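Enquirer: show me how the following folds:
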Amino acid sequence: MTRKEILGKTFELINDYQSSVASGEKSVINYHQPHQLKDKIDLKLPSKAGNYDNLFSDIEKYMKHSVHTSHKQFLNQLYSGENLPALIGEFITALTNTSMYTYEVAPLATLIEKELINKMCRIAGFTDGGGTFTTGGSNANMLAMMSARNKLLPDIKKNGLMGAQTLAVFVSDQSHYSFDTAANILGIGSDHVYKIKSDSHGRMLIEDLVKAIETSLIKGETPFFIAATAGTTLLGAFDPLDEIAEIAQNYKIWMHVDGSFGGSIILSTKYKYLFNGIERADSFTWNPHKLMNVPLIASVLLVKEKDRLLKNLTNLDTDYIYHDNDVQEYNLGKQS
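Expert: I've put the predicted structure just below:
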């Protein structure tokens, strides 16, 4: 087969799959227990090369036994649906197969990412903001916490945590588990993550937040990070951002907004009021792959101060890859 024939057959299979899922012809899932699936599909790696007929057969089997996440009845996760232009973009990204650390190796991709970041910052009210695409909401939340920690204690990047003051984190009792994970990875410890009570709608209670901060101060800890949630996992609740921002400002604490699930609601004219106060936050996690139907993974961390990630997260000697030239500001890997 020629390359054109191979690609043609591949896209024929893709189109047939997408059409049958979109029409509802296929069920959401053709479920089997692990042992049943192993009996149906030969998963052993062959010692000899196969041919393209084998590949096409494997593609059909894979699509048949995968969960059809673009199906209208796929309601099990926080992501679903299909966005055809975004899907095509995913194909092109794989085709061009590059990394984003320097402008030299990804010129147009770099310009596209910077423009997207700038646009998303403007939407969030970060008039002089910046950001970076991440490997997911958990990663973005951890980078936000790390940035807050390193802003407060800049020497920690070189000296480490030994002898550093005890830090305290404040999150809703409805918040994502990634904040506990981040506290563990960053050496803060999950015992120093205060879970603030929520009301009957799942929204953080301001009076309990203040009480927890005061308790932390009495213990001799340093409160440094408050995470509000814009769309909790279980209830889809939005914490009162403006009120939390007021508390963060009074106590000089970094305020982060985890919009992993509900971040895209900021685009809604009807419900944008839920983001009142977002412009006062220091950082914002936004996952377009949740409500905008773009392919996994599309996650971004936005910060109010343009150079904050570069200042807070990096201090390495990277001259071997980031050479002095007139496009330094376009070498995005320096802040990753």
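
Enquirer: quick one: the strands in the stretch 101-250 of the chain?
Expert: Taking DSSP state E, counting those that start in this stretch, the strands of the stretch 101-250 of the chain run over residues 130-134, 167-172, 193-196, 222-229.

Enquirer: which one, of the ones you listed, ends up nearest to Gly333?
Expert: Between Gly333 and those, the tightest spacing by C-beta to C-beta is seen for strand 130-134, at 9.5 Å. The way it works is simple: take the backbone N, C-alpha and C, and place the C-beta from them, glycine included.

Enquirer: buried set for stretch 131-147?
Expert: 131-134, 136-147 (16 or more other C-beta atoms under 10 Å).

Enquirer: list the contacts for Gly77?
Expert: Check again: residue 77 is Gln, not Gly. Contacts for Gln77 (C-beta atoms under 8 Å, 6 or more residues apart in numbering) come out as Thr69.

Enquirer: for it, helix, strand, or coil?
Expert: coil (DSSP: H, G, I helix; E, B strand; the rest coil).

Enquirer: could you tell me the least trusted of the strands of the stretch 101-250 of the chain?
Expert: Across the strands of the stretch 101-250 of the chain, strand 130-134 has the smallest mean pLDDT, namely a mean of 95.

Enquirer: who does that one touch, helix- and strand-wise?
Expert: On a contact count with 3 or more C-beta pairs under 8 Å, 6 or more residues apart in numbering; DSSP states H and E, strand 130-134 meets helix 107-124, helix 137-152, strand 299-303, helix 308-313.

Enquirer: would you turn these into CSV with mean pLDDT and distance to Pro288?
Expert: Shown next, in CSV, are the helices and strands packed on strand 130-134 (pLDDT from 0 to 100; distance: least, C-beta to C-beta, whole Å):
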stretch, mean pLDDT, distance to Pro288
helix 107-124, 96, 9
helix 137-152, 97, 11
strand 299-303, 98, 8
helix 308-313, 82, 19
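
Enquirer: can I see the domain layout of this structure?
Expert: As recorded under automatic domain parsing, the domains making up the chain are 3-76, 96-335.

Enquirer: over the longest helix along the chain, what's the mean pLDDT, rounded is fine.
Expert: In the chain, taking DSSP state H as the definition, the longest helix is helix 3-23. For helix 3-23, mean pLDDT rounds to 95.

Enquirer: now do that helix: everything it contacts.
Expert: Met1, Lys26, Tyr52, Phe56, Ile59, Glu60, Met63, His68, Ser70, His71, Glu82.

Enquirer: contacting residues for the first one?
Expert: Meaning Met1. Contacts of Met1 (C-beta under 8 Å, 6+ apart): Lys9, Tyr52.

Enquirer: how much space between it and Lys48?
Expert: Here Met1 is placed at a distance of 19 Å from Lys48 (C-beta to C-beta, to the nearest Å).

Enquirer: again with the fifth one
Expert: The span separating Ile59 from Lys48 equals 19 Å under the rule C-beta to C-beta.

Enquirer: comparing these two, which residue is more hemmed in?
Expert: Ranked by neighbour count (other C-beta atoms under 10 Å), Ile59 and Lys48 place Ile59 first, with 15 against 4.

Enquirer: name the nearest residue to that one, ignoring sequence neighbours.
Expert: Spatial nearest neighbour of Ile59, excluding adjacent residues (C-beta to C-beta, 6 or more residues apart in numbering): Leu13 at 5.6 Å.

Enquirer: try Ser190
Expert: Asp180 is the one closest to Ser190 (C-beta to C-beta, 6+ apart), at 4.7 Å.

Enquirer: next, count neighbours for that neighbour.
Expert: By other C-beta under 10 Å, neighbour count at Asp180 equals 17.

Enquirer: quick one: pLDDT of it?
Expert: Per-residue pLDDT puts Asp180 at 98.

Enquirer: quick one on the thing from earlier: distance to Ile6 added to the strands of the stretch 101-250 of the chain, as TSV?
Expert: Below are the strands of the stretch 101-250 of the chain laid out as TSV (distance: least, C-beta to C-beta, whole Å):
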stretch	distance to Ile6
strand 130-134	31
strand 167-172	50
strand 193-196	52
strand 222-229	46
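
Enquirer: for Phe170, which residues make a bridge with it?
Expert: The partner list for Phe170 in beta bridges (DSSP bridges) reads Tyr194, Ile226.

Enquirer: for it, give its distance to Lys197.
Expert: 11 Å.

Enquirer: mind checking how far the residue nearest to Leu296 when sequence neighbours are not counted is from Ala86?
Expert: Of all residues not flanking Leu296 in the chain, His289 sits nearest, at 5.0 Å (C-beta to C-beta, 6+ apart). Remark: distance between His289 and Ala86 (C-beta to C-beta) = 9 Å.

Enquirer: what's the answer for Lys72, then?
Expert: With the distance defined as C-beta to C-beta, Lys72 ends up 18 Å from Ala86.

Enquirer: just Glu60 next, same as before
Expert: 24 Å.

Enquirer: only alpha carbons, please: show stretch 81-90 as PDB.
Expert: Provided in PDB are the C-alpha atoms of stretch 81-90 (Å, rounded to 0.1, in the frame of the first residue of the first chain):
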ATOM      1  CA  GLY A  81     -18.300  15.500  23.600                       C
ATOM      2  CA  GLU A  82     -16.400  16.300  20.400                       C
ATOM      3  CA  ASN A  83     -15.000  19.500  18.900                       C
ATOM      4  CA  LEU A  84     -14.100  18.800  15.300                       C
ATOM      5  CA  PRO A  85     -11.700  21.700  14.700                       C
ATOM      6  CA  ALA A  86      -9.900  20.900  18.000                       C
ATOM      7  CA  LEU A  87      -9.700  17.200  16.900                       C
ATOM      8  CA  ILE A  88      -8.100  18.200  13.600                       C
ATOM      9  CA  GLY A  89      -5.700  20.400  15.600                       C
ATOM     10  CA  GLU A  90      -4.800  17.300  17.700                       C
END
